[in-house]
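Student: Could you work out the structure for the sequence below:
(chains A and B)
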Amino acid sequence: MSVMGRNLIKGATGDWEIVVGMEVHAQVTSNSKLFSGASTEFGGEPNSHVSLIDAAMPGMLPVINEECIRQAVRTGLGLNARINLRSVFDRKNYFYPDLPQGYQISQYKSPIVGEGEVIVELAGGETATVGIERLHLEQDAGKSLHDQSPTMSFVDLNRSGVALMEIVSRPDIRSSEQAKAYVSKLRSILRYLGTCDGDMEKGSLRADVNVSVRKPGGPLGTRCEIKNMNSINFIGQAIEYEARRQIEIIEDGGTIGQETRLFDPNKGETRSMRSKEEAHDYRYFPDPDLLPLEFSEAFVAGLKADLPELPDQKKARFVAAFGLSAYDAGVLVAERESAEFYEAVLTALANKERDGKLAANWVINELFGRLNKEGRDIPASPVSAAQLAAIVDLIGEGTISGKIAKDLFEIVWQEGGDPRALVEERGMKQVTDLGAIEKVVDDIIAANPDKVAQAREKPQLIGWFVGQVMKSSGGKANPQAVNDLLKSKLGI
Amino acid sequence: MTDLTSLTIAEARSGLAKKTFTALELTDAHLKAMEDARVLNAYVLETPDHARAMAREADTKIAKGEGGPLAGIPLGIKDLFATRDVRTTACSKILGNFLPPYESTVTSQLWRDGAVMLGKLNNDEFAMGSSNETSCFGSVVNPWRREGSATALVPGGSSGGSASAVAASLCMGATATDTGGSIRQPAAFTATVGIKPTYGRCSRWGIVAFASSLDQAGPIARTVRDTAILMRSMAGHDPKDTTSVDRAVPDYEAVVGKSVKGMKIGIPREYRLDGMSAEIEKLWSEGASWLKAAGAELVEVSLPHTKYALPAYYIVAPAEASSNLARYDGVRYGLRVPGRSIGEMYENTRAEGFGPEVRRRIMIGTYVLSAGYYDAYYLRAQKVRTLIKKDFEDCFARGVHAILTPATPSAAFGIGEKGGVDPVEMYLNDIFTVTVNMAGLPGIAVPAGKDSQGLPLGLQLIGRPFDEETLFSLGEVVEQAAGRFTPSRWW
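Tutor: Residues are numbered from 1 along each chain as shown, chains lettered A, B, ... in the order given. Down below sits the predicted model:
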């Protein structure tokens, strides 16, 4: 298969295939923590969002936050996954200063969400399906601060107890590109759902990446887990590095030991953190403070009914309703903000059936292109969806040409204002008055007899005349009218 | 005036209502008794100022006719219950001088109803023990002595301080907790009444956890009626404890004295242990005959998995404890013994902070949850637990209202007498009580007689889930037939 062929890595002993599976930790969007009423707000003073439960005071008990349950179910539905009506919270036991209880409440044997899948867009319009093994809810830990004192470490429990969804993929990913596309798609789905803000810089989305290599079609190799990746680009780099490292070891006659590794973005390499032998025995067992989590089909159905349109559905709709190319539709839906902007433009258009596709071109090429160039994001766009829609309307109805529209876009970008009013005020309207255009055409024909003769020999030269007419009309002449007039006057 | 400390809660309640004495006088009498009885080591913290302030408030409210159901009743609180700004240690060195910034749900309900806190009561460290000898504050002494002997006896455990204080009239009633028999065994050893309610009847919020799926709070008092009075205030649904159950709390006192005619009482065959003492045999059959005389019907029942209960309990309880006690790490509160690394700090703190029995149970619990042992121990024990539960369900499904058993295999023993070499010797104390925790059922221990050396013995009644009322009715029959037992004062 071509996709596979492209992904193989050449080694000294032949081709190698990368096998990647991922555990993505996504912070649940909720006002309060998974088992306490403390705020989940980011960036408070250390230990300012800590309840008695989060600090694991004696006798404190967890109480499940129902909103976190709803968010996990919504996410499961967004991943086309099986929702488990009964799931169990377990304790994962280990000692660490930022883990106040001495255990993390997680879900081990019975997660809230079972198998699902994510369709991933690849370069060239191809897609790949990545299987989801499960999604479970768990508590985040606090943060150890090692840079506050020469002799002590401090602990900030603001994050302690914040709800995370751990989304475990099957080892279906075959390249760093696919891995990046998978995380991007997953992030996009979560953001559409509003179940995770996807902010990787703040750590709202982090991935543990399991990498192994094998001879194509051969048995799976031993995997190494690269922990805590919080950048899509680093994930790509780490996989590339790690795969080559493993191939080199195997080809040199060595074997891969199962271990946990860390990626160093400065050096672009992965380093061993701990081997399997040093791995913890987490002594998982059902948390006796919490009853099994049970809800009804109706609860799930209610959430399903309120689910927003997700990127795949939106893309299909854009293609079907407005004739967008799959590529363009894919660009628009990749981010929730871009899709929302395009939808806002559509809403504001006078005739979206006619101009939907044109609007997509303008959103992608003019607006996003410009924003990208200036390093701005959509909310900071100086041109609003309504303004862009007005520009597209003016083109669509024939009031201005595409060329004038670009000038108009520049004015709106720089100065703001109502595009329709600007066109009036600044006389940018396309001239469709045949009399006026005819005069210009006549003048140019009269002034260039030699060109006229040439054009009669070689009709393509009509382009030169069109250009002259447009120039002298300040670009406002209707190009179609100009063309028609020239043809008849020149007799070609 | 009679000694106010000898009154029952019901009597004190009526005396207060009739203004025969004030809440402050009642509290002062108890504070004095506590001072005189420090040799018993029942209290680990006396809170006289606190007590008097609460008593004065109760007097004010009683005068205005606003006194709650427990207005002015002085109680002792097991040190496992978090009490706001009052040192709470679970009788473990590891909690140091921990001052909770919160009040447990059960105690806050007692204060809501007007009760007065006299102080914090001794218990086995983290409630792990059956003799109150594992407390970091030292053993509690049982006010009961063998006839003609001055040997100090244990009051049982883990609620040894509660039982001893109630028996010696150092409070009118006490809070206690029961994970495997910690209310019922000390009650039996001190001729007091103790009830472990159904799992989920009382909130566990604010009670230092030992084994979360087994722990349950309950009262110890001197009469069945008094425990019923206290029970009503302690019980109730708490949204902060998701294992607490949302059902109305009945007026337990109303069923004390209610006829038990026609009730079917199960006598479980498997509780007749090999080598059971004749005294216990006799006590048991006597109890059965009292119930029969009151109109109940006796039926022999079988609880076939009983013999597996104790071993399974000593897997489940330590497993949960090993995890529950992980939070005592020296990082945020309580004892911290420094080390050169975080690992060493943990080791130093926990080695010094926990006593030998707690360390033993943490190690057992860690072991049974470890990879490769989980299925063989923890999972198997959970299966046993399901079978034990089913034994009881089958029995109740055949129309049995309650089950009668001895509360303990023997009377109180001497301090230092048991468990020194083989901890199992101590664990065997809970043989009749752990099944009830494993099944989550209510169980009451009622004084029923004395052994040949003059030490009290108790009977246990086990009820259907959330049917504490039947236990109070039946307990009252036993109490009426057996009479009340009070230790003669030697301290």
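Student: so where is the chain shaky, pLDDT-wise?
Tutor: Since no chain was named, I'll use chain A. Counting by pLDDT under 70, chain A has low-confidence residues at A:1-6, A:431-432.
Student: Correction: the question concerned chain B.
Tutor: Checking chain B against pLDDT under 70 turns up B:1-2.
Student: who's in contact with residue B:489?
Tutor: By CB atoms under 8 Å, 6 or more residues apart in numbering or on different chains, the contact set of residue B:489 is B:143, B:168. For the C-beta atoms, the positions are set from N, CA and C on the backbone; glycine is no exception.
Student: tally of neighbours for residue A:473?
Tutor: 17 (other CB atoms under 10 Å in any protein chain shown).
Student: Confirm for me that it is in contact with residue A:438.
Tutor: No - in this structure residue A:473 lies outside contact range of residue A:438 using CB atoms under 8 Å: 11.5 Å.
Student: Now the closest residue to chain B within the stretch 51-200 of chain A. Nearest residue, chain neighbours left out?
Tutor: Residue nearest to chain B within the stretch 51-200 of chain A (CB to the nearest CB): residue A:102, separated by 2.3 Å. Leaving aside its chain neighbours, residue A:102 sits nearest to residue B:326 (2.3 Å; criterion: CB to CB, 6 or more residues apart in numbering or on different chains).
Student: Let me know the distance separating the one you found from residue B:449.
Tutor: 43 Å (CB to CB, to the nearest Å).
Student: Go ahead and name everything in contact with stretch B:35-45.
Tutor: Contacts of stretch B:35-45 (CB under 8 Å, 6+ apart): B:34, B:46, B:76, B:79, B:86-87, B:89, B:91, B:118-122, B:135, B:137-143, B:155, B:160-162, B:164-165, B:168, B:170, B:491.
Student: and the stretch 1-150 of chain A, which residues reach chain B?
Tutor: A:52, A:55-64, A:91, A:93, A:95, A:97, A:100-103 (CB under 8 Å from any CB of the partner chain).
Student: Buried subset of those residues as a ChimeraX selection?
Tutor: Remark: buried members of the residues of the stretch 1-150 of chain A next to chain B, expressed as a ChimeraX selection using 16 or more other CB atoms under 10 Å in any protein chain shown:
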select /A:52,55,56,57,58,59,60,61,62,63,64,91,93,97,100,101,102,103
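Student: Unless I misread the structure, residue B:326 falls within a helix.
Tutor: Yes - judged by DSSP: H, G, I helix; E, B strand; the rest coil, residue B:326 forms part of a helix.
Student: Could you count how many residues lie near it?
Tutor: Residue B:326 has 23 nearby residues by other CB under 10 Å.
Student: Could you do the one 5 residues further on as well?
Tutor: Using other CB under 10 Å, residue B:331 has 23 neighbouring residues.
Student: so it touches residue A:100, yeah?
Tutor: Yes - using CB under 8 Å, residue B:331 is in contact with residue A:100, at 7.3 Å.
Student: Pull stretch B:372-389 out as CSV, backbone CA atoms only.
Tutor: Provided in CSV are the C-alpha atoms of stretch B:372-389 (Å, rounded to 0.1, in the frame of the first residue of the first chain):
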residue,chain,number,x,y,z
GLY,B,372,0.9,-11.2,41.3
TYR,B,373,-0.8,-11.4,44.7
TYR,B,374,-3.9,-9.3,44.1
ASP,B,375,-5.9,-12.1,42.5
ALA,B,376,-4.9,-14.7,45.1
TYR,B,377,-5.6,-12.5,48.1
TYR,B,378,-7.6,-9.3,47.6
LEU,B,379,-9.8,-10.5,44.8
ARG,B,380,-10.4,-13.8,46.6
ALA,B,381,-11.2,-12.1,49.8
GLN,B,382,-13.7,-9.9,48.0
LYS,B,383,-15.4,-13.0,46.6
VAL,B,384,-15.6,-14.4,50.1
ARG,B,385,-17.1,-11.2,51.2
THR,B,386,-19.8,-11.5,48.6
LEU,B,387,-20.5,-15.1,49.8
ILE,B,388,-20.8,-13.9,53.4
LYS,B,389,-23.2,-11.3,52.4
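Student: Do it and chain A come into contact?
Tutor: Yes - contact of stretch B:372-389 with chain A (CB under 8 Å from any CB) involves B:374, B:378.
Student: chain center to that stretch: distance?
Tutor: Centroid separation for stretch B:372-389 versus its chain: 26 Å, with CA atoms, centre = their mean, to the nearest Å.
Student: all helices for the stretch 201-350 of chain A, in order.
Tutor: A:232-251, A:297-305, A:311-322, A:326-333, A:336-348 (DSSP state H, counting those that start in this stretch).
Student: Any chance you could list what contacts the first one?
Tutor: With CB under 8 Å, 6+ apart as the contact definition, helix A:232-251 has outside contacts at A:9, A:11-13, A:16, A:18, A:20, A:175-177, A:179-180, A:183-184, A:187, A:200, A:207, A:209, A:211-213, A:221, A:224, A:226, A:229, A:255-256, A:261, A:263, A:265, A:268-270.
Student: try the third one
Tutor: Outside helix A:311-322, the residues that touch it by CB under 8 Å, 6+ apart are A:119, A:185, A:188-189, A:192, A:309, A:324-326, A:328-330, A:332-334, A:339, A:342, A:346, A:352-353, A:356-357, A:359-360.
Student: Can you flag the buried ones in these?
Tutor: A:185, A:188-189, A:192, A:324, A:328-330, A:332-334, A:339, A:342, A:346, A:352, A:356-357, A:359-360.
Student: wait, what's in contact with the residue of chain B found nearest chain A?
Tutor: Nearest residue of chain B to chain A, counting by CB to the nearest CB: residue B:326, 2.3 Å away. Shown in contact with residue B:326 (CB under 8 Å, 6+ apart): A:93, A:95, A:101, A:102, A:103.
Student: Residue B:56: which of the residues you listed is nearest?
Tutor: residue A:101 (40.1 Å; CB to CB).
Student: Just confirm that closest one is within a helix.
Tutor: No - membership of residue A:101 in a helix is not supported by three-state DSSP, which gives coil.
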